[in-house]
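Novice: no sequence on this one, just coordinates:
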């Protein structure tokens, strides 16, 4: 790989003037997928993502007028990284082809390699001619949502625009790399008291959880609400538990195993239930009402009421149970389906008990800023549990693929070690001890 003095200068915390003078490399290191591998897992039961995630050099793209080039210090693994690397439910190269067919600057995204990753924290090293708010040298985090600010729907809610895309999943040049390309409308300032890896761990999962629970576009959680959180020790669940407790709700987590139960309690759950207690230890229940009755009994015994809200992202294995167990007039809010997209449930429990199902996807920039304010004032903490070097991005993704992680799994890109990036240690001591 060619020498990269710009990357070295970023790591050395060089001033903006120095960064502006140094050349942009023609190639950069990135975790990426290859179009030629799309049939790798055809007929294979264990779709091991370590076989499809390659870490190597890729060409540096040109920068559009409304974009920034960010030198990535740290990134993170999300479930969409796993889906991308499994080429399921469809290969993400189909997303890149569709986006690229728009022509113009979008054509760059249709490439034989897909640089993945939907979280990033780093330093702006170039800004397009149309960028107004951001300058070279700014420390930033990147929103996982890629929106078109010329679409009228974006100005009501960025997630409602038909042109909205998941960055690093439906677009190219994502965050698991030494550099990433983002629209200026995706940026927020990096918080001064967080390390690079902590800052990178928040946007996608904490933002998604905020929209699902707190936003007026989600479940509109209020004080006293009992919230059932599936996977309460994972990335989404870790932030959900904190948001519920911090918002005056009562968090009930469902996890698998004592280690994850301990983690869920540390993240803020008032009560924790092992999924094996209700007969959900893999697979889809033949009758969701059976584990639902067991779960409801355990929840009432622990906190005295049925759930007002169920925080759903597991999908096929749990959705029928969620519809059953949420209380009369309650809400199931869902943002994903890690165990399968085709859900079955008994509709009688939905319509006759006046329940609601809300679909929630991503987070708009205003919601992300509101979530980040909670981090800024110490009402929310990063849920990072382990960090891998970029060269081991495949191993990091495999950990998430197998569900062996707690909280968020981080990835160091240009940062040479953990613990770097804190520019206000006094605030860190005050907020995080």
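Specialist: Sure, I can see it. From a predicted model like this one, the values you see are computed outputs, not experimental measurements.
Novice: from now on I want contacts and neighbour counts done on CA atoms only, so please keep to that.
Specialist: OK.
Novice: confidence-wise, which helix or strand of the chain is lowest on average?
Specialist: When the helices and strands of the chain are scored by mean pLDDT, DSSP states H and E, helix 347-351 comes last with a mean of 93.
Novice: which of the residues in that one are buried?
Specialist: Across helix 347-351, burial judged by 16 or more other C-alpha atoms under 10 Å covers 349, 350.
Novice: ok, residue 58 - contacts?
Specialist: By C-alpha atoms under 8 Å, 6 or more residues apart in numbering, residue 58 lies in contact with 27, 28, 29, 30, 113.
Novice: ok, residue 257 touching residue 274?
Specialist: Yes. Between residue 257 and residue 274 a contact is recorded at 6.3 Å, counting by C-alpha atoms under 8 Å.
Novice: tell me which strands and helices the least confident helix or strand of the chain is in contact with?
Specialist: Identification of packing neighbours for helix 347-351 by 3 or more C-alpha pairs under 8 Å, 6 or more residues apart in numbering; DSSP states H and E yields helix 319-325.
Novice: could you point out which element follows the helix it packs on?
Specialist: Going down the chain from helix 319-325, the next helix or strand is strand 331-334, by DSSP states H and E.
Novice: on contacts alone, who are the packing partners of that next one?
Specialist: Strand 331-334 packs on helix 203-213, strand 309-312, strand 356-359, going by 3+ C-alpha pairs under 8 Å, 6+ apart.
Novice: quick one on the thing from earlier: which residues are in contact with the least confident helix or strand of the chain?
Specialist: Residues contacting helix 347-351 (C-alpha under 8 Å, 6+ apart): 323, 324, 355, 356.
Novice: mind picking the two most distant members of these?
Specialist: The span of the contacts of helix 347-351, defined through C-alpha to C-alpha, is set by 324 and 356 at 11.5 Å.
Novice: now the least confident helix or strand of the chain, how far from the centre of its chain.
Specialist: Here helix 347-351 is found 31 Å from its chain centre; the criterion is C-alpha atoms, centre = their mean, to the nearest Å.
Novice: look at residue 257 and residue 274 and report which has more neighbours.
Specialist: residue 274 (18 against 12; other C-alpha atoms under 10 Å).
Novice: ok, that one touching residue 259?
Specialist: No. Counting by C-alpha under 8 Å, residue 259 is not a contact partner of residue 274; they are 10.6 Å apart.
Novice: can you list the weak-confidence ranges in this protein?
Specialist: By pLDDT under 70, the weakly predicted segments of the chain are 1.
Novice: so for it, the centremost residue is which one?
Specialist: Nearest to the mean C-alpha position of the chain, by C-alpha atoms, centre = their mean, lies residue 204 at 3.0 Å.
Novice: if I look at the nearest residue to it once chain neighbours are set aside, how far off is residue 116?
Specialist: Spatially, and ignoring its direct neighbours in sequence, residue 204 is nearest to residue 144 (5.7 Å; C-alpha to C-alpha, 6 or more residues apart in numbering). According to C-alpha to C-alpha, to the nearest Å, residue 144 stands 11 Å off from residue 116.
Novice: the strands in the stretch 1-150 of the chain, which residues?
Specialist: 27-34, 54-59, 67-77, 113-115, 120-127, 139-142, 145-146 (DSSP state E, counting those that start in this stretch).
Novice: same list (these) but as JSON lines, adding distance to residue 191.
Specialist: JSON lines is the format used below for the strands of the stretch 1-150 of the chain (distance: least, C-alpha to C-alpha, whole Å):
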{"stretch": "strand 27-34", "distance to residue 191": "25"}
{"stretch": "strand 54-59", "distance to residue 191": "29"}
{"stretch": "strand 67-77", "distance to residue 191": "14"}
{"stretch": "strand 113-115", "distance to residue 191": "26"}
{"stretch": "strand 120-127", "distance to residue 191": "10"}
{"stretch": "strand 139-142", "distance to residue 191": "8"}
{"stretch": "strand 145-146", "distance to residue 191": "19"}
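Novice: looking at those, which is nearest to residue 406?
Specialist: Proximity to residue 406, assessed across the strands of the stretch 1-150 of the chain by C-alpha to C-alpha, is greatest for strand 67-77 (12.0 Å).
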